[in-house]
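[1] Quick one, fold the following:
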Amino acid sequence: MAAFKRIGVLGHPMRPATAPVAERIAGYLQSRGAEAWCCGQWDDPQITDQVRDSDMVIAIGGDGSMLRASRVCARYGVPVLGVNMGHLGFLTEISEAEDWKQALGSVLRGDYWIEARMMIHAALLRAGLVLAEGDALNDVVISRQAATHMILLETYIDKDWATTYNADALIIATATGSTAYALACGGPILPPELRNILIVPVAPHLSMDRPIVLAEGATVEVVAAADNTAAIVLSLDGVLAGQVQPGDTIRIQASDSVSRFVRLRERNYFYRSLLDRLEPRLPVRAEPERKQI
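    Numbers count the residues shown, from 1 in each chain. Sure thing, here's the model as predicted:
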């Protein structure tokens with residue numbers, strides 16, 4: 001495996017506890033002969049230049065940190081290694097922060113593999129002009145801004161009209177995102193190596209209520225119907241991307257960028273990791289004490 005010579009370490013700007021861990025990791029990497037840089041502010045304009053020149057980035061936090069790191073690193077083909085200091089840590093590889101030294105030792109010895117995951121690209125168009133665009137690793141969500149009205153979303157697959165959703169929101173997800181918001185709304189679980197796109201309506205009413213798994217390479221276009229009265233917003237991986245007006249089109253298709261993650265577990269880790277979270281092992285309960293009569 002290729003050696004990682006220049007490595008970035010990203011702490012979480014809203015989790016102060018990640019800063020000392022990031023500094024210790026950077027110091028360890030330098031002691032092992034690697035060039036390491038450390039940053040705790042994601043909005044720092046120098047981050048992009050730093051990532052571009054790196055061989056790997058270590059993201060410390062939870063799944064939100066992994067999503068953010070993947071969007072920054074994917075365009076440059078830089079793999080991400082996640083250290084969990086969040087709540088779920090489904091995307092992270094090092095599940096406990098105190099285990100980072102042993103895990104990094106394995107990585108530096110070349111005992112790792114790279115997992116590639118598809119991303120999707122979304123563009124918000126108005127009168128043919130692109131108002132906003134970006135990539136998402138999990139999902140693109142078109143939703144109502146307030147809780148008063150449902151929204152009407154005319155949906156086209158590969159230029160052909162499919163259906164019009166009357167719902168609270170519409171999720172267009174990757175295989176990675178199939179275990180996130182889409183799963184909570186009744187969508188199927190897709191293994192991460194698939195390059196399919198998943199469509200899942202949220203609380204549909206008198207409209208198509210089943211998830212749809214699209215063929216690899218499909219393009220989805222969602223048009224906000226002209227008679228919508230509710231405010232509509234577009235989000236990419238939970239980050240607001242723009243306001244949607246009636247008549248606007250959101251076009252979603254596979255991105256040219258691919259997220260890459262450094263993995264230490266076996267290649268079939270996905271199902272065990274998922275099921276351990278969906279069906280956590282419960283400790284054996286002690287027998288209740290019986291009162292003497």
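[2] use CA for all of it now, contacts and neighbours both
    Noted.
[3] Could you break this protein into its assigned domains?
    What automatic domain parsing lists as the domains of the chain is 6-112+264-278, 119-256.
[4] Rebuild the ones you listed as JSON lines, extending it with mean pLDDT.
    Shown next, in JSON lines, are these (pLDDT from 0 to 100):
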{"stretch": "domain 6-112+264-278", "mean pLDDT": "91"}
{"stretch": "domain 119-256", "mean pLDDT": "96"}
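[5] Output those domains in a markdown table; the columns should cover mean neighbour count.
    Shown next, in a markdown table, are these (neighbours: other C-alpha atoms under 10 Å):
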| stretch | mean neighbour count |
| --- | --- |
| domain 6-112+264-278 | 18 |
| domain 119-256 | 19 |
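[6] which stretches of the stretch 51-200 of the chain form strands?
    56-61, 80-84, 113-126, 129-136, 139-144, 151-157, 160-167, 169-173, 197-202 (DSSP state E, counting those that start in this stretch).
[7] Could you identify the longest helix within this structure?
    Scanning the chain for the helix with the most residues, using DSSP state H, yields helix 18-31.
[8] what's near enough to touch Lys159?
    Applying C-alpha atoms under 8 Å, 6 or more residues apart in numbering to Lys159 gives the contacts Thr219, Val220, Glu221.
[9] which among these gets closest to Val107?
    Thr219 (37.2 Å; C-alpha to C-alpha).
[10] Run through the residues that contact that closest one.
    Counting by C-alpha under 8 Å, 6+ apart, Thr219 touches Ile157, Asp158, Lys159, Arg251, Ile252, Gln253, Ala254.
[11] and if we set it to 7 Å?
    Going by C-alpha atoms under 7 Å, 6 or more residues apart in numbering, Thr219 touches Ile157, Asp158, Ile252, Gln253.
[12] Mind checking which of those residues land in helices?
    Among the contacts of Thr219, no residue falls in helices (DSSP H).
[13] Tell me the one of those residues nearest Ala34?
    Checking the contacts of Thr219 against Ala34 with C-alpha to C-alpha, the nearest one is Gln253 at 37.6 Å.
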